[in-house]
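> Below are the sequence and a predicted model; questions follow.
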Amino acid sequence: MTPLGKLTLAVIGLRLFGAAGFLWGMFFGHVLIDRTLVKTIIKQKFSQLDDTIRLMLPFRFYRSYNYLIEHVLGKLWGVILGGLTFGWVGVAVLGILGHLLFDCQKCKSCKEWRYAFEDFWNVNLGKIFGGLIGFTCKSKLLLFIGVILGFFFDSFRLEGGLRTKLKLGPVLNFWSKINPLKLALRSQEARDVSFVQSMAGLAAKISKADGAVSENEIRTFKKLFNTDKNPKIARIFNEAKQSTAGYQAYAKQLKILSRDNLDMKESIIENLFKIAVVDGEILSDEMEMLEDIANIIELPQGNYTIIKDRFVFKPSNETLQDYYEVLGVFYNASDKEIKRRWKELINQYHPDLAQAKGASAREIEACTLKMAEINNAYEHIIKSRQAG
């Protein structure tokens with residue numbers, strides 16, 4: 001979405017004012033849209049619309065919707081803008097351009113070109129502005145002077161001197177405190193509402209999984225989500241509890257909202273377990289649904305197991321057998337063998353070692369969680385043997 005403002009205003013400027021309009025449109029698109037809160041607002045509005053659609057969309061249409069988002073929006077932008085400005089020629093040219101710029105997200109060459117194009121504008125903004133003045137005035141002298149002055153302006157700006165010498169710090173700080181903060185708060189409020197609504201839907205589906213929704217489950221739901229202050233949440237729960245079908249749509253929504261937030265993912269599963277266990281034993285249908293939800297929101301298996309063990313009673317031998325499986329040793333292995341295997345796994349999954357090898361942040365997080373799972377299993381095995 002990076003060059004959206006530049007290209008949109010450039011095409012409109014080309015249609016209305018020719019070559020000069022094209023260049024000025026690209027300049028104003030960069031300054032007024034791509035580098036300001038306008039782009040942030042556009043992205044947030046699209047994100048909120050996407051969240052709403054995913055929440056309401058039946059699960060069987062998810063694959064088609066994802067394809068539409070990933071492969072059609074850029075071409076749609078090009079076709080509409082091209083058709084409105086240059087007819088069929090614009091449809092063809094801008095349709096191809098929209099495909100290359102916005103729909104080829106996995107193409108390395110297209111991604112590198114977008115980044116290089118944006119960097120060019122950020123580094124040479126002053127020179128471009130000075131050159132545009134000379135070009136518009138059709139004066140070679142002004143063109144030359146504008147580029148030279150723009151060169152010094154860019155050097156001064158990139159070194160941070162512009163903010164200091166012109167004493168723009170207080171003004172820019174005041175602006176950053178007002179607009180971005182308000183936008184962030186509005187965005188967070190919208191995400192909070194969407195989160196609670198999705199949780200209400202999932203809570204109803206979990207309650208229905210054991211056959212009938214009991215009074216205890218309804219009471220627990222009201223306590224967790226404070227439905228007295230938000231009647232809409234209760235309405236969503238009442239509508240969703242009619243059947244278990246469609247719970248994946250709510251889980252998909254929560255996956256988007258809890259992206260890269262492990263604490264939120266754990267909270268989702270923990271609250272659902274609280275509702276499922278309120279009637280006593282968690283039935284197999286409820287457990288399957290909980291496991292599926294955990295997989296959809298991409299909660300690591302080790303974290304899910306720890307949460308599940310707090311709510312589900314298991315015979316001690318079965319629980320210990322799970323810990324032995326984590327370490328990859330037999331139940332009758334000696335203490336020495338278990339300790340040696342534990343050290344091998346720690347050396348294999350230690351996050352510091354992964355970081356030294358240049359692993360990504362996601363891989364380092366996975367190693368950290370895996371090491372926690374290994375340590376937890378080792379501690380339980382040792383404690384059980386000492387107690388026995």
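Yep, it's here. Source: prediction; values computed, not measured.
> got a list of what residue 145 touches?
Applying Cβ atoms under 8 Å, 6 or more residues apart in numbering to residue 145 gives the contacts 130, 134. Every C-beta, even on glycine, is put in place using the N, C-alpha and C of the backbone.
> And the one helix or strand it maps to, how far out from the chain middle?
Assigned by DSSP states H and E, residue 145 belongs to helix 140-158. Mean-position distance between helix 140-158 and its chain equals 40 Å (Cα atoms, centre = their mean, to the nearest Å).
> Please write out the alpha-carbon positions of it in CSV.
The C-alpha trace of helix 140-158 is given here as CSV (Å, rounded to 0.1, in the frame of the first residue of the first chain):
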residue,chain,number,x,y,z
LYS,A,140,16.3,25.8,-16.9
LEU,A,141,17.8,28.2,-14.4
LEU,A,142,15.1,27.7,-11.8
LEU,A,143,15.4,23.9,-12.4
PHE,A,144,19.1,24.0,-11.7
ILE,A,145,18.8,26.3,-8.7
GLY,A,146,15.9,24.3,-7.3
VAL,A,147,17.8,21.0,-7.5
ILE,A,148,20.8,22.6,-5.8
LEU,A,149,18.8,24.1,-3.0
GLY,A,150,16.9,20.8,-2.7
PHE,A,151,20.2,19.0,-2.3
PHE,A,152,21.2,21.1,0.7
PHE,A,153,17.7,20.9,2.1
ASP,A,154,17.8,17.1,1.9
SER,A,155,21.3,16.9,3.5
PHE,A,156,20.2,19.2,6.3
ARG,A,157,16.9,17.3,6.8
LEU,A,158,18.4,13.8,6.8
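> For that helix, give the mean pLDDT please.
Regarding helix 140-158, the rounded mean pLDDT is 80.
> Then stretch 79-95?
Averaging pLDDT along stretch 79-95 gives 88.
> How about stretch 360-369?
On average, stretch 360-369 scores 74.
> got the buried residues for it?
364, 365, 366, 367, 368, 369 (16 or more other Cβ atoms under 10 Å).
> so who does the third one touch?
Right, the one you point to is residue 366. Contacts of residue 366 (Cβ under 8 Å, 6+ apart): residue 300.
> And the helix or strand where it lies, how far out from the chain middle?
For residue 366, the host element (DSSP H and E) is helix 361-387. Between the centre of helix 361-387 and the centre of its chain there are 28 Å (Cα atoms, centre = their mean).
> number of nearby residues for residue 359?
Residue 359 sits with 15 neighbouring residues when counted by other Cβ atoms under 10 Å.
> Please disregard the earlier target; I meant residue 127.
Using other Cβ under 10 Å, residue 127 has 18 other residues around it.
> Report pLDDT for it.
Looking at residue 127, its pLDDT stands at 86.
> And residue 15, by the same measure?
88.
> Within the helices and strands, which one has it?
Assigned by DSSP H and E, residue 15 falls in helix 4-29.
> Buried residues, that helix. List them.
For helix 4-29, the neighbour count (16+ other Cβ under 10 Å) marks 4-15, 21-27, 29 as buried.
> Show me what it is packed against.
Using 3 or more Cβ pairs under 8 Å, 6 or more residues apart in numbering; DSSP states H and E as the contact test, the elements touching helix 4-29 are helix 37-56, helix 73-98, helix 125-137.
> Would you mind listing the outside residues contacting the shortest one?
Around helix 125-137, the neighbours that count as contacts under Cβ under 8 Å, 6+ apart are 20, 23-24, 27, 30-31, 121, 140-154, 157.
> What remains of the residues you listed if I keep only buried residues?
Buried subset of the contacts of helix 125-137 (neighbour count, 16+ other Cβ under 10 Å): 23-24, 27, 30, 121, 142-143, 146-147, 150, 153-154, 157.
> Just give me the closest of the residues you listed to residue 337.
If you rank those by distance to residue 337 using Cβ to Cβ, residue 121 comes first, at 62.0 Å.
> For the closest one, give its distance to residue 297.
Plainly put, residue 121 is 38 Å away from residue 297 if you go by Cβ to Cβ, to the nearest Å.
> Check residue 154 too.
Between residue 154 and residue 297 the distance is 45 Å, computed by Cβ to Cβ.
> Can you pull the domain assignment for the chain?
4-123, 192-309, 314-388 (automatic domain parsing).
> Just name the most buried of these.
Among the domains of the chain, domain 192-309 has the highest mean neighbour count (mean count of other Cβ atoms under 10 Å), at a mean of 18.
> what's the average pLDDT for it?
Mean pLDDT, domain 192-309: 74.
> can you check stretch 340-347 too?
Averaging pLDDT along stretch 340-347 gives 83.
> I would like the residues contacting it, please.
When contacts are defined by Cβ under 8 Å, 6+ apart, stretch 340-347 is touched by residues 327, 328, 329, 333, 353, 371, 374, 375, 378.
> try 7 Å
Residues from elsewhere that reach stretch 340-347, judged by Cβ atoms under 7 Å, 6 or more residues apart in numbering: 327, 328, 329, 371, 374, 378.
> closest to residue 88 among the buried ones among the contacts of helix 125-137?
The closest of those to residue 88 turns out to be residue 23 (Cβ to Cβ; 24.9 Å).
> what sits against the closest one?
For residue 23, the contact set (Cβ under 7 Å, 6+ apart) comprises 132, 135.
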